[in-house]
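K.L.:
please work out how this folds:
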Amino acid sequence: MTSLAVTRANGEPPDAATVWRPDYPISLRLTLLTLGHGGYDPCHRWQRDGALWRTSRLPTGPVSYRLRQLAGGVGAEAWGAGAEELIESIPTLLGAADDPDSFEPGHDVLRQAHRRAVGMRMPKTGRVLESLIPAVLEQKVIGLDAFAAWQRLVTKYGETAPGPVPAGMKLAPTAQTWRRIPSWEWHRAGVEHKRASTAIRCAMYADKFERAAATLPREDVYRMLMSVPGVGRWTAAEVGHRALGDADAVPLGDYHLPDVIGYGLTGAALPDDEVEAFLEPWRPHRYRVFRLLELTPGVGKPRRAPRMTRRDYRRI
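P.N.:
Below you'll find the model as predicted:
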């Protein structure tokens, strides 16, 4: 990486900055789009100029950072105690450990999708809790409702982010704070007792999860995650393709998965219990297959089909 000459953002220069220019194409948007949880995520905000602002908690401290797509690379500026650590992690964050060249599409739809998605790689934040809590909130509910709950909880219990972040951005609560949120506040945010209890249990083991992600094989991290009551394969996979950089972290049990895979590759929905076997030939790129099809226009359940019902838990 090379140093970056930066202009001051709102009069506040970054604590650390760089430009990363890999020897392969990199798309900031295609790589990091999945890290956000809705258009009003307080920890993940795209700007009109194409820049991405994010906040995170690293071992060295909190950080806010801005990423920009540049010709042949990505520019990064960071503020806060974790700024230097974040800048050093830019290649890892943007999928340097991913290996899309080893992916063999084996299907015309996937070949075309793979060609269109030039520069898409699997991100690796290394931060388990920041992916785990929103994944728990997204269990078995409409995405819009889960995103709203995440926004309400982070806005109320998160902390002021360092640096000149866009209005409304926050640091997600610490593990200790997640554990202390009262039951009625989960309810007000639209989260029923089951998901709230699971999120609290996950926060209890946050330090253990973060250490495991930094030192252990992915399989061991998955086993640890799924040992927590309420965390199954789907939730672990949602963490895997965000925090662990796992291109094989297919979210089995996902409401949309049978339709996206089935309609995309066979022209009809697959039964839930056949999806895993159907995807086996693409191991270890099964999540990549799903993601490429998600990005393909026209793939998925026809609009005339029934959709998942919304449920407002705040009124129960």
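K.L.:
what about the protein, any weak spots by pLDDT?
P.N.:
1-11, 301, 303-316 (pLDDT under 70).
K.L.:
let me see the domain layout of it.
P.N.:
Annotated domains of the chain cover 16-97, 129-294 [automatic domain parsing].
K.L.:
show me what the helix or strand that residue 238 is a member of is in contact with.
P.N.:
Counting by DSSP states H and E, the element that carries residue 238 is helix 233-243. Residues outside helix 233-243 that contact it (C-beta atoms under 8 Å, 6 or more residues apart in numbering) are 34-35, 122-128, 130-132, 135-136, 138-139, 213, 218, 221-222, 225-226, 246-254, 287, 291. For glycine as for every other residue, the C-beta is placed from the backbone atoms N, C-alpha and C.
K.L.:
helices - which of those land there?
P.N.:
With helices taken from DSSP state H, the overlap with these comprises 130-132, 135-136, 213, 218, 221-222, 225-226, 287, 291.
K.L.:
which residue ranges form the strands in this protein?
P.N.:
Secondary structure of the chain (DSSP state E): strands located at 16-20, 44-46, 52-58, 61-70, 73-79, 159-160, 170-171.
K.L.:
to residue 300, which of these lies closest?
P.N.:
The minimum distance between residue 300 and these falls on strand 44-46, with 22.9 Å, by C-beta to C-beta.
K.L.:
so what does the closest one touch, helix or strand wise?
P.N.:
On a contact count with 3 or more C-beta pairs under 8 Å, 6 or more residues apart in numbering; DSSP states H and E, strand 44-46 meets strand 52-58.
K.L.:
okay, angle between the strand it packs on and strand 61-70 too, please.
P.N.:
150 degrees (axes from the mean of the first three to the mean of the last three C-alpha atoms, to 10 degrees).
K.L.:
dump strand 52-58 to PDB, restricted to CA.
P.N.:
Listed next in PDB are the C-alpha coordinates belonging to strand 52-58 (Å, rounded to 0.1, in the frame of the first residue of the first chain):
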ATOM      1  CA  LEU A  52     -18.600   4.500   1.800                       C
ATOM      2  CA  TRP A  53     -18.400   5.500   5.400                       C
ATOM      3  CA  ARG A  54     -18.200   2.700   8.100                       C
ATOM      4  CA  THR A  55     -17.700   2.500  11.800                       C
ATOM      5  CA  SER A  56     -16.300  -0.400  13.700                       C
ATOM      6  CA  ARG A  57     -14.700  -1.500  17.000                       C
ATOM      7  CA  LEU A  58     -11.200  -3.000  16.600                       C
END
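K.L.:
can you give me the angle it makes with strand 73-79?
P.N.:
Going by the same axes, to 10 degrees, strand 52-58 makes 50 degrees with strand 73-79.
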